[in-house]
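In: no sequence for this one, just the structure:
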């Protein structure tokens, strides 16, 4: 019997392990970790600094009157604290990360090594151009790869993330419309789009109209045609879409949008499913942002740094944001002002060129795979998702029929009449040692479970994951809803009151009030 079938046949979560108490509060190697402020030992310090020499104060009487309020901690305390916290974290280096629409793929260590090379890691954006020719060549080479893979003539590399890339794309579209004296007021967004799409359109001053999906999970082309008119600035569409499906009428959609004089913006968050297989320019797309962390393996999450380059069609290229890298007589040069070679630019979206570390990682990934390898990346991502779709077909309920792309979408029909919700099912998955998939998204599917395995997972890891999902689905149908409602059992903290956490969040630690002794 293998490990995951053993876990399913005699799962400890079937009993409430919270009834097991220890003197320390620890549970085996799962250490109960206090906050740093709760570990405060006044007088302790991890460093021993000499008294600074006296200096004349320049604070004008605004000197601090009391202690700064930081906890006193020794170096071993700090090291243990952060080491223990890191051991509680789930990451792609720990196991499969099945979040749909997020692409949490392995980040090759080669990329990390390249990004730390001297000349890339320590380059400064204000250095003279003559001293950063190698860095500019790397950025130019990355731009060449992105233009080649998408078939587009221009690319803006400075956007810092996917949403920032959307902003860049819609701003260039607005600039192109204004340049031809064609002021428009509406942008169309399919209802399965990422939530940043309508937010971006609204931020750029447009009103947003939603386009419904058909029963195949794709854009309703008839509804789209009915809303096209002379006041439509653009369509913002994701392809493959957020249901994990390829928009197979995309050529027809592009022709209709262009016939109305509008632009076709594509959210390229899911480009990893088609890279090397199809070039977006050939689909009629005018602008498309690319998440380097999704398609080209640069690190994802943690608040940054990110990168969301935007490729642009010829009519939009003149409005790309600064700076531009150009090939000058003495090597690479920069166009940094909205004049001369760049009169139509929308200006700067970011202080400098973008995130250099992400550029190095992405180009390292591209060059190590080569054009044929990138094509295989897309094929393997789609293969893995469809492997899950077939393996789980008898246990979970697919939201839409047919082959999916890089992610597979299920609804909660398989949980009907069990008393188990999508949230309960996901919480039980945590006890099995897996990070839950994306839940309740996209909103067009009831109780959605969106799973993206990426191309980096082996057949063995997918078999382990599907065995657990099949086992949990079978357990849900036995009527044991109480166990699911109380899961997870084996985590450092049990399930939160999510309503109270949303309405009354506790975002700041405060010491317990000091109890005054009764007056004698």
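Out: Cool, the structure landed. Since the structure is predicted, the reported quantities are computational estimates derived from the model, not experimental observations.

In: From here on, just use CA atoms for contacts and neighbour counts.
Out: Will do.

In: And for residue 190, the neighbour number?
Out: 22 (other C-alpha atoms under 10 Å).

In: For it, give me phi and psi.
Out: When quoted as degrees, to the nearest 10, the phi and psi of residue 190 stand at phi -60, psi 150.

In: so what's it up against?
Out: By C-alpha atoms under 8 Å, 6 or more residues apart in numbering, the contact set of residue 190 is 210-213, 219, 236-237.

In: Go ahead and name everything in contact with stretch 234-250.
Out: Contacts of stretch 234-250 (C-alpha under 8 Å, 6+ apart): 101, 173, 186-190, 192-194, 197, 217-219, 221, 257, 262-271, 273, 283, 403-409, 442, 450.

In: chain center to it: distance?
Out: In terms of C-alpha atoms, centre = their mean, to the nearest Å, the centre of stretch 234-250 is found 18 Å from the chain centre.

In: how far does it stretch from start to finish?
Out: 14 Å (C-alpha to C-alpha, to the nearest Å).

In: buried ones in that stretch?
Out: 234-247, 250 (16 or more other C-alpha atoms under 10 Å).

In: what mean pLDDT does that stretch have?
Out: Average pLDDT, stretch 234-250: 96.

In: what do you get for stretch 499-516?
Out: For stretch 499-516, mean pLDDT is 82.

In: what comes up buried for that stretch?
Out: Residues of stretch 499-516 classed as buried: none (neighbour count, 16+ other C-alpha under 10 Å).

In: do stretch 34-53 as well
Out: residue 36.

In: before we move on, the earlier item: pull the most distant pair out of the buried residues of stretch 234-250.
Out: Maximum pairwise distance among those (C-alpha to C-alpha): 22.6 Å, between 234 and 244.

In: filter the contacts of stretch 234-250 to the buried ones?
Out: Buried among these (16+ other C-alpha under 10 Å): 101, 173, 186-190, 192-194, 197, 217-219, 221, 257, 262-271, 273, 283, 404-409, 442, 450.

In: helix, strand or coil for residue 393?
Out: coil (DSSP: H, G, I helix; E, B strand; the rest coil).

In: where does the chain have low pLDDT?
Out: 1-20, 301-304, 514-520 (pLDDT under 70).

In: so where do the strands sit in it?
Out: 154-156, 186-190, 207-211, 232-238, 263-268, 287-290, 310-312, 324-328, 331-335, 397-398, 408-411, 438-439, 449-451 (DSSP state E).

In: Quick check: nearest residue in space to the most centrally placed residue in the chain, chain neighbours excluded?
Out: The centroid of the chain falls nearest to residue 102 when counting by C-alpha atoms, centre = their mean (4.6 Å). Ranked by C-alpha to C-alpha, 6 or more residues apart in numbering and with sequence neighbours excluded, the top spatial neighbour of residue 102 is residue 294, at 6.9 Å.

In: and if you look at residue 311?
Out: residue 155 (4.1 Å).

In: Please report the distance of the one you found from residue 317.
Out: Taking C-alpha to C-alpha, one finds residue 155 at 8 Å from residue 317.

In: do the same with residue 48
Out: 57 Å.

In: And for residue 147?
Out: To residue 317, residue 147 is 12 Å away according to C-alpha to C-alpha.

In: Would you mind telling me which of those two has more residues around it?
Out: Ranked by neighbour count (other C-alpha under 10 Å), residue 147 and residue 317 place residue 317 first, with 23 against 19.

In: Now do the contacts for the closest residue to the more buried one other than its chain neighbours.
Out: Leaving out its chain neighbours, the residue that sits closest to residue 317 by C-alpha to C-alpha, 6+ apart is residue 154, at 5.7 Å. By C-alpha under 8 Å, 6+ apart, residue 154 lies in contact with 147, 311-314, 317.

In: Likewise for residue 447?
Out: Residue 447 neighbours (C-alpha under 8 Å, 6+ apart): 411-412, 421-422, 439-441.

In: Most widely separated two among these?
Out: 421 and 441 (14.2 Å).

In: picking up where we left off before, looking at the buried residues of stretch 234-250, which is nearest residue 44?
Out: Using C-alpha to C-alpha, these come closest to residue 44 at residue 242, 52.1 Å.

In: Could you check how far that closest one is from residue 100?
Out: Going from residue 242 to residue 100 by C-alpha to C-alpha gives 9 Å.

In: Residue 482 too?
Out: In terms of C-alpha to C-alpha, residue 482 sits 27 Å off from residue 100.

In: of those two, who's got more company?
Out: Just comparing residue 482 and residue 100: by other C-alpha under 10 Å the higher neighbour count belongs to residue 100, 26 against 13.

In: Was I right to think that one contacts residue 450?
Out: Yes - counting by C-alpha atoms under 8 Å, residue 100 touches residue 450, with 4.7 Å between them.

In: intersection of neighbour lists for those two?
Out: Taking C-alpha under 8 Å, 6+ apart as the contact rule, residue 100 and residue 450 both touch 407-408, 437-438.

In: residues in contact with residue 42?
Out: Contacts of residue 42 (C-alpha under 8 Å, 6+ apart): 71-73.

In: export those to CSV and tack on distance to residue 395 and neighbour count?
Out: Shown next, in CSV, are the contacts of residue 42 (distance: C-alpha to C-alpha, whole Å; neighbours: other C-alpha atoms under 10 Å):
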residue, distance to residue 395, neighbour count
71, 52, 16
72, 54, 16
73, 52, 19
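
In: Tell me which of the residues you listed fall in helices.
Out: Within the contacts of residue 42, no residue falls in helices by DSSP state H.

In: Surely residue 139 is in contact with residue 359?
Out: Yes - counting by C-alpha under 8 Å, residue 139 sits close enough to residue 359 to count as a contact (6.7 Å).

In: Just want to know which of the two has more residues nearby.
Out: residue 359 (26 against 19).

In: Relative to residue 138, how far out is the more buried one?
Out: Distance from residue 359 to residue 138, by C-alpha to C-alpha: 8 Å.

In: now residue 89
Out: Distance from residue 89 to residue 138, by C-alpha to C-alpha: 34 Å.

In: Counting neighbours, go ahead and name the busier of these two.
Out: Using other C-alpha under 10 Å, the more surrounded residue of residue 89 and residue 138 is residue 138, with 16 against 8.

In: distance of the spatially closest residue to that one that is not a sequence neighbour from residue 106?
Out: Closest residue in space to residue 138, ignoring its immediate chain neighbours: residue 360 at 7.4 Å, by C-alpha to C-alpha, 6+ apart. According to C-alpha to C-alpha, residue 360 and residue 106 sit 16 Å apart.

In: With neighbour numbers in mind, choose between the two.
Out: residue 360 (25 against 19).

In: show me what contacts residue 412?
Out: 396-397, 421-422, 446-449.

In: Relative to residue 79, how far out is it?
Out: Remark: distance between residue 412 and residue 79 (C-alpha to C-alpha) = 44 Å.

In: try residue 189
Out: Per C-alpha to C-alpha, residue 189 is found 48 Å from residue 79.

In: Over to residue 219?
Out: Here the criterion is C-alpha to C-alpha. By it, residue 219 lies 52 Å from residue 79.

In: Kindly report the same for residue 229.
Out: In this view, residue 229 and residue 79 are 62 Å apart by C-alpha to C-alpha.

In: In terms of neighbours, single out the busier of the two.
Out: Between residue 229 and residue 79, counted using other C-alpha under 10 Å, the more crowded position is residue 229 (15 against 10).

In: In contact with the closest residue to residue 444 other than its chain neighbours, which residues?
Out: Sequence neighbours aside, residue 192 is the residue nearest to residue 444 in space, at 6.4 Å (criterion: C-alpha to C-alpha, 6+ apart). Going by C-alpha under 8 Å, 6+ apart, residue 192 touches 213, 241-243, 442-444.
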